[in-house]
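1. With the sequence up front, the predicted model follows.
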Amino acid sequence: MPQVLPDFSNSVKLKYVKLGYQYLVNHILTFVLIPIMGAVSLEILRLGPEEILTVLKSLEINIVQILCSSFLVIFVATVYFMSKPRSIYLVDYACYKPPVTCRVPFATFMEHSRLNLSDAPKSVDFQMRILERSGLGEETCLPPAIHYIPPQPTMAAARDEAELVIFSAIDSLLKKTGIKPKDIDILIVNCSLFSPTPSLSAMVINKYKMRSNIKSFNLSGMGCSAGLISIDLARDLLQVHPNSYALVVSTEIITPNYYQGNNRAMLLPNCLFRMGGAAILLSNRRREKTRAKYRLVHVVRTHKGADDKAYKCVFEEEDAEGKVGISLQKDLMVIAGESLKSNITTIGPLVLPASEQLLFLFMLIGRKIINPKWKPYIPNFKQAFEHFCIHAGGRAVIDELQKNLQLSAEHVEASRMTLHRFGNTSSSSLWYELSYIEAKGRMKKGDRIWQIAFGSGFKCNSAVWKCNRTIKTPTEGPWFDCIDRYPVHIPEIVKM
């Protein structure tokens, strides 16, 4: 019986065709230049020494032309290097790890809810349903003032939490880097909902006795994406202040913002937000290049505040009883998706390889000219980044971005595990995620990282980093004593 040949047309998998296309397009210049250089080399080899000398003499180059050409080259090179932006390096960073005494297991959280809302059993049941589906674990932490029954959100307690979180993170960072407080030239502190007088930045300056000419900034009211706004501000300042260090502190103080009413839209943050903070040291000093962990490549900010729905989807206001809380609207995820789309449109051309940009362009033209019903092409950002740090704002946020960006479970592992272990720590969550990737030993030299954060207003901000050196598994940090237990399976619903 004659052997039946396999159907080669079916055996060739589409993914290999796509890989071949990507390789061809991304290396098109190499494929074009190599034959040209080869042809030129062969032509030179074909010519004899006398013919080469004849060609050179025929050019009639004189000393004046050589000097003018040299001067032009030097001038152009000088202008280029003087106008080139300074490289911004992330020397190191540190995340605050709350003490065991601040932990809030599900049972404790629900018991306190029942006692604090004894006259509103439906609100208690609502919080239980949210907590069951939240993706949070049993080790997240709340500040001491919230452990009281009823909670005691005093100004003194809020200051105590701010000092505990911020000073602990800065102390750890200064110890890791060996930098003295007086070496810091720029200080930026971002905390959205707690803005006392004197400011938190002034509190840091007073504690560490920093220089009187330090450039300090205190950002408030900018939501969970304020951490990347601070990075953007630090980058701009470091462009105009050479040979400087910038300290960025990102946190959210929970104590004065724990809602004690019955409005469900305002009870939701109580179930998700937890203690946390991070301190980041940036520099434009060239000598820091060798020891710095990362180099900042891009920061892209998108603001949808001109739209009324986007502006009010995360809103601080009073409820019917006059109690202040943060209201999260039902259309929050839709608005976040629109913001992400705008941000991707800007960042895509900056980071995507030529193969993905061409596919996107062809699909866009096809939808405009041939068939508007064609599905829009979603660029493969896995071609541009090795690691993704998605703001751990909640399970729904991570699920939506994983779906929209077509990411694998491993790509969003850092975000899910950060949400499980630490909860939503607001603007600092991105740094807990980066720390998770390092603790797993996955960060290699040359790896590219995409940080994505959302914030009230409504904002979607992105930062792109490139790993400067292979990161050794740290012997300290927020994940040191538990990284061996992760990743863990997180069920859709945790029954309590």
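-> Perfect, thanks for sending it. Numbers count the residues shown, from 1 in each chain.
2. residues near Ser113, how many?
-> By other CB atoms under 10 Å, the residues close to Ser113 number 21. C-betas here are computed from N, CA, C, even on glycine.
3. That one against Arg129, yeah?
-> No - using CB atoms under 8 Å, Ser113 is not in contact with Arg129, being 11.9 Å away.
4. quick one: the helices in the stretch 301-450 of the chain?
-> Taking DSSP state H, counting those that start in this stretch, the helices of the stretch 301-450 of the chain run over residues 308-312, 332-351, 354-369, 395-404, 413-422, 429-439.
5. Which of these sits closest to Asn243?
-> helix 429-439 (25.3 Å; CB to CB).
6. Packing partners of that closest one?
-> Here helix 429-439 touches strand 89-95, helix 226-240, strand 277-283, strand 387-390, helix 413-422, strand 448-455, going by 3 or more CB pairs under 8 Å, 6 or more residues apart in numbering; DSSP states H and E.
7. Tabulate these in CSV, adding columns for mean neighbour count.
-> Putting the helices and strands packed on helix 429-439 into CSV (neighbours: other CB atoms under 10 Å) gives the following:
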stretch, mean neighbour count
strand 89-95, 24
helix 226-240, 21
strand 277-283, 28
strand 387-390, 25
helix 413-422, 26
strand 448-455, 23
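8. I'd like to know which of the ones you listed is closest to Leu434.
-> Of all those, strand 387-390 sits nearest to Leu434, with 5.6 Å by CB to CB.
9. What helices and strands are in contact with the closest one?
-> By 3+ CB pairs under 8 Å, 6+ apart, strand 387-390 packs against helix 395-404, helix 413-422, helix 429-439, strand 448-455.
10. Give me the residue ranges of the chain where confidence is low.
-> The model of the chain has pLDDT under 70 over residues 1-29, 31, 43-45, 48, 52-53, 55-66, 80-83, 376-377, 496.
11. And stretch 238-245, end to end?
-> 8 Å (CA to CA, to the nearest Å).
12. where along the stretch 101-250 of the chain do the helices fall?
-> Counting by DSSP H, counting those that start in this stretch, the helices of the stretch 101-250 of the chain are 106-116, 121-133, 155-177, 200-208, 226-240.
13. Give me whichever of those is most buried.
-> helix 226-240 (a mean of 21; mean count of other CB atoms under 10 Å).
14. what helices or strands is it leaning on?
-> Short answer (3+ CB pairs under 8 Å, 6+ apart): helix 226-240 packs on strand 186-190, strand 215-219, strand 245-251, strand 277-283, strand 294-303, helix 429-439, strand 448-455, strand 459-467.
15. so which of those gets nearest Tyr96?
-> Among the helices and strands packed on helix 226-240, strand 277-283 sits nearest to Tyr96 (CB to CB), with 4.3 Å.
16. sorry, back to before: want to try TSV for the helices and strands packed on strand 387-390, with distance to Ile378 as columns?
-> Shown next, in TSV, are the helices and strands packed on strand 387-390 (distance: least, CB to CB, whole Å):
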stretch	distance to Ile378
helix 395-404	7
helix 413-422	19
helix 429-439	22
strand 448-455	15
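17. Of all these, which one comes closest to Gln152?
-> Across those, closest to Gln152 is helix 413-422 (CB to CB), at 23.3 Å.
18. leaving aside the residues next to it on the chain, what's closest to His387?
-> Ile449 (4.6 Å; CB to CB, 6 or more residues apart in numbering).
19. Would you mind giving the helices of the stretch 301-450 of the chain as a markdown table with distance to Asp160 added?
-> As requested, the helices of the stretch 301-450 of the chain are arranged in a markdown table below (distance: least, CB to CB, whole Å):
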| stretch | distance to Asp160 |
| --- | --- |
| helix 308-312 | 32 |
| helix 332-351 | 31 |
| helix 354-369 | 49 |
| helix 395-404 | 30 |
| helix 413-422 | 20 |
| helix 429-439 | 22 |
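20. still on that earlier bit, export the helices of the stretch 101-250 of the chain to CSV and append columns for distance to Lys309.
-> Shown next, in CSV, are the helices of the stretch 101-250 of the chain (distance: least, CB to CB, whole Å):
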stretch, distance to Lys309
helix 106-116, 30
helix 121-133, 23
helix 155-177, 31
helix 200-208, 31
helix 226-240, 21
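21. Glu400 is nearest to which of those helices?
-> Closest of the helices of the stretch 101-250 of the chain to Glu400 is helix 121-133, at 14.4 Å (criterion: CB to CB).
22. Distance from the chain centre to that closest one, please.
-> Here the centre of helix 121-133 is set off from its chain's centre by 30 Å, with CA atoms, centre = their mean, to the nearest Å.
23. now the angle from that helix to helix 395-404?
-> 40 degrees (axes from the mean of the first three to the mean of the last three CA atoms, to 10 degrees).
24. got the contact list for helix 121-133?
-> 106, 109-110, 113-114, 117, 262, 264, 267-268, 270-272, 395, 492-496 (CB atoms under 8 Å, 6 or more residues apart in numbering).
25. Now with 6 Å, please.
-> Phe106, Met110, Ser113, Arg114, Leu117, Asn262, Arg264, Leu267, Cys271, Ile493, Val494 (CB atoms under 6 Å, 6 or more residues apart in numbering).
26. and what of stretch 107-114?
-> Here stretch 107-114 has contacts from Val124, Gln127, Met128, using CB under 6 Å, 6+ apart.
27. which one of the contacts of helix 121-133 is nearest Ala226?
-> Relative to Ala226, and with distances defined as CB to CB, the nearest of the contacts of helix 121-133 is Cys271, at 21.4 Å.
28. what's the burial count for that closest one?
-> Cys271 has 22 nearby residues by other CB under 10 Å.
29. Please give me every residue in contact with it.
-> Going by CB under 6 Å, 6+ apart, the list of residues near Cys271 reads Gln127, Ile130, Leu131, Ser134.
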